[in-house]
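S.K.: can't give you the sequence, but here's the structure:
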């Protein structure tokens, strides 16, 4: 899709105006009908509640995410504009930075999380997945959120970063607070920020060099600072970024996978019959029930998008969860189908700000699904799932299920 600059005289199209609230509880319960309505309104819609424009179609979202010069991240990926108002926190060195600063820090983190590096962890990750499957098979009936979906990344990823085992209960509340901050400063965010104060303190301590194991990703970031690849103060900030970005999202992805397969037993039967489908099935989960649903970009100049002239420093809400259900891009988009080639989904973004840890998330998800597929014949929902309300990511607080052995 081409993005062009138009004069005020040339830009004659006015964006449809909507009072849609993407952060309301009723929206978060089931956002997909709302996304469909937004897509049908047009390529770009003005959300009057928030003074922001929104895009919900795959083509526009893909184009915006690939144009980091026109649609920047350094103004913050939440509703607040860090270029025109005081940031409420230090901006992320990767998610909320533009070139050239972004490239320098991204290179270091991407090197740590490159396939050649993380594949060394595969045997350990597979062993932990097998132990986890042992435990849930022994239970038979359990809550998949704490016992499976959160338990796995809290063990394997936190170990890989090198944080102490004691106190890891602070990791998910900390990440939950961060992801709520990628929306507006609403009551939900304020409540999570207040509730996370002890977790923020704990995170600050464990990210110090002396509290990390000597062989984890955290220690490697400090060594990069020793070698001049990072500034000394950037190492603990990047350790914090790993911990905020790499746990809640993976836990919620696993939640979405378990629930999708519980609701579509025919699809689980396919994966159970052929565990090598695990990676492909994970991509369909990411497309069908995206973990990261929305965030913001900010214009750096006047620019036309969808025939509408946007001013400089205009916030633009990007609905990833809608792009991955757009019928303009996907056939039968509301059908969960593990035989679909779902590569090209935007679950991890795209462009230079595409998730640096996506290979790690995919590795964890594939390993867990494959371990489950080899030994579990059926996954059954045993009660109503309890949705977890967050401004940016989609997951659950409780997911009662039962499993039967193959």
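M.R.: Sure thing, it's come through. Here the structure is a predicted model, which means the values were calculated and not measured. Numbers count the residues shown, from 1 in each chain.
S.K.: buried set for stretch 90-109?
M.R.: Across stretch 90-109, burial judged by 16 or more other Cβ atoms under 10 Å covers 91-98, 102, 105-106, 108-109. Where you see a C-beta, it was placed from the backbone N, CA and C, and this is true even at glycine.
S.K.: shaky segments in this structure?
M.R.: Flagging of the chain using pLDDT under 70 yields the residue ranges 1-13.
S.K.: Who are the contact partners of the residue nearest the centre of it?
M.R.: In the chain, the residue lying closest to the centroid (Cα atoms, centre = their mean) is residue 292, at 3.8 Å. Residue 292 makes contact with 249, 320, 321, 347, 348, 349, 392, 393, 394 under the criterion Cβ atoms under 8 Å, 6 or more residues apart in numbering.
S.K.: Quick check: it vs residue 349, distance?
M.R.: Distance, residue 292 to residue 349, using Cβ to Cβ, to the nearest Å: 8 Å.
S.K.: which residues do these two both contact?
M.R.: residue 320.
S.K.: Nearest to residue 315 among the buried residues of stretch 90-109?
M.R.: Nearest to residue 315, judged by Cβ to Cβ, of those is residue 96 at 13.4 Å.
S.K.: any idea whether that closest one is helix, strand or coil?
M.R.: With DSSP: H, G, I helix; E, B strand; the rest coil as the basis, residue 96 sits in coil.
S.K.: quick one: it from residue 105, how far?
M.R.: 11 Å.
S.K.: Please apply the same query to residue 15.
M.R.: Per Cβ to Cβ, residue 15 is found 35 Å from residue 105.
S.K.: Likewise for residue 90?
M.R.: Using Cβ to Cβ, we find residue 90 at a distance of 13 Å from residue 105.
S.K.: Was I right to think residue 323 contacts residue 61?
M.R.: Yes - counting by Cβ atoms under 8 Å, residue 61 is a contact partner of residue 323 at 4.4 Å.
S.K.: can you list residues touching both of these two?
M.R.: What both residue 323 and residue 61 touch, as defined by Cβ under 8 Å, 6+ apart, is the set residue 346.
S.K.: out of the two, which sits in the more crowded spot?
M.R.: Higher neighbour count among residue 323 and residue 61: residue 323, with 28 against 25, using other Cβ atoms under 10 Å.
S.K.: Compute the distance between that one and residue 102, please.
M.R.: 23 Å.
S.K.: where do the strands sit along this protein?
M.R.: 17-18, 45-47, 52-55, 71-72, 141-143, 294-299, 303-305, 308-310, 315-319, 376-381, 386-388, 395-398, 400-405 (DSSP state E).
S.K.: Out of those, the one nearest residue 358 is which?
M.R.: Within the strands of the chain, the stretch nearest residue 358 is strand 294-299; the backing value is 15.0 Å (Cβ to Cβ).
S.K.: neighbours around the closest residue in space to residue 254 that isn't next to it in sequence, how many?
M.R.: With Cβ to Cβ, 6 or more residues apart in numbering as the criterion, residue 254 has its nearest non-adjacent residue at 3.8 Å, and that residue is residue 149. By the criterion of other Cβ under 10 Å, residue 149 has 25 neighbours.
S.K.: Please report the distance of residue 149 from residue 175.
M.R.: Distance, residue 149 to residue 175, using Cβ to Cβ: 14 Å.
S.K.: got the contact list for the residue nearest to residue 64 when sequence neighbours are not counted?
M.R.: Among residues not flanking residue 64 along the chain, residue 71 sits closest, at 4.8 Å (Cβ to Cβ, 6+ apart). Residue 71 makes contact with 64, 65, 297, 298, 299, 300, 316, according to Cβ under 8 Å, 6+ apart.
S.K.: do residue 224 as well
M.R.: Neighbouring residues of residue 224 by Cβ under 8 Å, 6+ apart: 108, 230, 235.
S.K.: wait, which of the contacts of residue 71 is closest to residue 279?
M.R.: residue 65 (23.2 Å).
S.K.: Next up, the contacts around that closest one.
M.R.: With Cβ under 8 Å, 6+ apart, residue 65 has these contacts: 71, 297, 318, 346, 349, 350, 351, 353, 354.
S.K.: among those residues, who's most crowded?
M.R.: residue 71 (26 neighbours).
S.K.: what bridges to it?
M.R.: Beta-bridge partners recorded for residue 71 (DSSP bridges): residue 299.
S.K.: what's the spacing between it and residue 61?
M.R.: For residue 71 relative to residue 61 (Cβ to Cβ), the value is 10 Å.
S.K.: try residue 82
M.R.: Counting by Cβ to Cβ, the gap from residue 82 to residue 61 is 22 Å.
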